Every structure is written in C-alpha cells, then in structure tokens.
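Enquirer: predicted model and sequence follow; I will ask about them next.
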Amino acid sequence: GGKGIYPKLGILSVAAYAEKTAGIDAKLLDCPAMGMDYPELGRTLAADKPDLVAISTLTFNLIDTFKVIRTVRENSPTSRICVGGQHVNLYPEETLGLEGVDFVIAGEGERSFAQLVQALDAGASDDQLAAIQGLGFKRNGRIRLNTNLDKIPDLDALPFPARHLIDMGQYSHLIGKGKRFATLQSSRGCPAACLFCDIRLTKFRQRSPDSVLEEVRMLADQGFDD
C-alpha cells in the first residue's frame, strides 16, 4: 500500500499464544509482504500440508479470503480452516456458512484459538468445541456458535507477538526514518464511541508501562530503530 506494509500484530499474537500454550509448530505466510501470489501459496500449502490453516479477514478483503480458502482446499484438502478477524466479529454465522470454512472465532482469538488446537488434538468432541468462547463450528450441516466472546482482561499476560515467524525486513512505512521498522500495541479497544468505528464495541484496556518498555527494549536490542 501507499503508506507501507505493517506486520500483522493480531495474527502474530494469536500465533505466539498458541506456540506457548498449545505447543504448535507455527508458520506464518504474509503474502503481500512476501510478494507471494496464489500459485506460489498453493505450492507452499501442497508441500507443508498443514493440519490447521488460520486466516484473519476484514470485510474489504473477503474476496481475497475466498481465494485463499479455495487455494487451501485445492492444494491441501485435509487441512482444517479457521477464520477470525473483524469480519467474523460482525458476521460469524455468515462466515461459517461459506464453503470450505470449518471453524470461525469471533472476539479476541488468542485463548480461543489455542483451545481449538488442544481440542482438535484431543479428538474434538462437541462438548469440547462448544465450551470454547467465540468458536463456531459445523455439525451435520448445522452451524453451532458460542456467542460468548473471549476478551483478554490482562494484556500483560500475553506473550509478545511471534515476530520470529516473519522476516521483519519486509516491512516499512512512508514516513519511516530508520533502517528497521517495527510496530507494537500498547492497548486494545477504545474509550470513545464513534458511530462509524467497529473498535467502539471493544472495551478499552491498556498494558502496563513496564510491559511496553520491555517490548521496546527487546526490539531495540534486535536492531529496530523505528
């Protein structure tokens, strides 16, 4: 984009939590940053055959998400597909109804996604799946949705985003003056209630100054100067 390409902190945070608590072997493909087209994505999926593919989507890139789902289905048909992100928060049933989608997670996804991985490892009984906050799944052609969404009360309890899964040298922004660029998130939600904004639906929480400083220092030690 014109203003640059930013690391996807949401899905990096989900990956970090799942690595830490569910012991997954994660791989993250940020196709726009990597310059990866659909045929190359297909070849990567065919080689890796992932057990579970997690996709984060907004409403305005839903058509790209359709294409990714189709690419997964064509190249790694045994993979399960889980979709999360702001579009799912607004339209969970509609997203779960899309062809090829096995699971959706609405709400904040760190704990719910890790619990989904653990449930799948344990055989994924209906009771296990139904207990996961924000999870939607299909049974016998019917949609089942847990409308109780997870909200992480203590952001300091989350591990830092799994930046080791991506090449941070691929990211930049328009007014960047430094050589290496990183972003971080010091809070979630918003105390205002602007009608045009979806973030007003999320309660405002902030990380402690110590936690934010620890992440800044870690990034500085890794050579980030922007």
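Expert: Yep, it's here. Numbering: from 1, shown residues only.

Enquirer: show me the contacts for P32.
Expert: P32 makes contacts with I5, as judged by CB atoms under 8 Å, 6 or more residues apart in numbering. Backbone N, C-alpha and C define where each C-beta goes, glycine included.

Enquirer: what about it, distance to P39?
Expert: According to CB to CB, to the nearest Å, P32 and P39 sit 15 Å apart.

Enquirer: cool, G85 as well?
Expert: G85 sits 24 Å away from P39, going by CB to CB.

Enquirer: do the same with A46
Expert: A46 is 11 Å from P39, by CB to CB.

Enquirer: now do I81
Expert: If you measure I81 against P39 using CB to CB, the figure is 19 Å.

Enquirer: next one: M168
Expert: 26 Å.

Enquirer: quick one: which of these two has more around it?
Expert: Between M168 and P39, counting by other CB atoms under 10 Å, M168 is the more crowded of the two (16 against 10).

Enquirer: quick one, phi/psi of the more buried one?
Expert: phi -70, psi -10 (degrees, to the nearest 10).

Enquirer: spit out the contact partners of it.
Expert: Neighbours of M168 in contact, by CB under 8 Å, 6+ apart: P7, R180, F181, A182, F224.

Enquirer: ramachandran angles for the residue in the chain sticking out farthest from the centre?
Expert: Most distant residue from the mean C-alpha position of the chain: K177, 28.5 Å away (CA atoms, centre = their mean). Dihedral pair for K177: phi -100, psi -20, per degrees, to the nearest 10.

Enquirer: report the contact partners of it.
Expert: Counting by CB under 8 Å, 6+ apart, K177 makes contact with D226.

Enquirer: ditto for S187
Expert: S187 makes contacts with L155, F204, R205, Q206, R207, as judged by CB under 8 Å, 6+ apart.

Enquirer: next: K138.
Expert: By CB under 8 Å, 6+ apart, the neighbours of K138 are L96, D102, R144.

Enquirer: the helices in this structure, which residues?
Expert: Along the chain, counting by DSSP state H, helices occupy 9-22, 31-34, 38-48, 62-75, 86-90, 92-96, 109-121, 126-130, 209-221.

Enquirer: figure out how far the first one is from the centre of its chain.
Expert: Spelled out, it's helix 9-22. The chain centroid and the centroid of helix 9-22 are separated by 8 Å under CA atoms, centre = their mean, to the nearest Å.

Enquirer: do the same with the fourth one
Expert: Between the mean C-alpha location of helix 62-75 and the chain-wide mean there is a distance of 16 Å, by CA atoms, centre = their mean.
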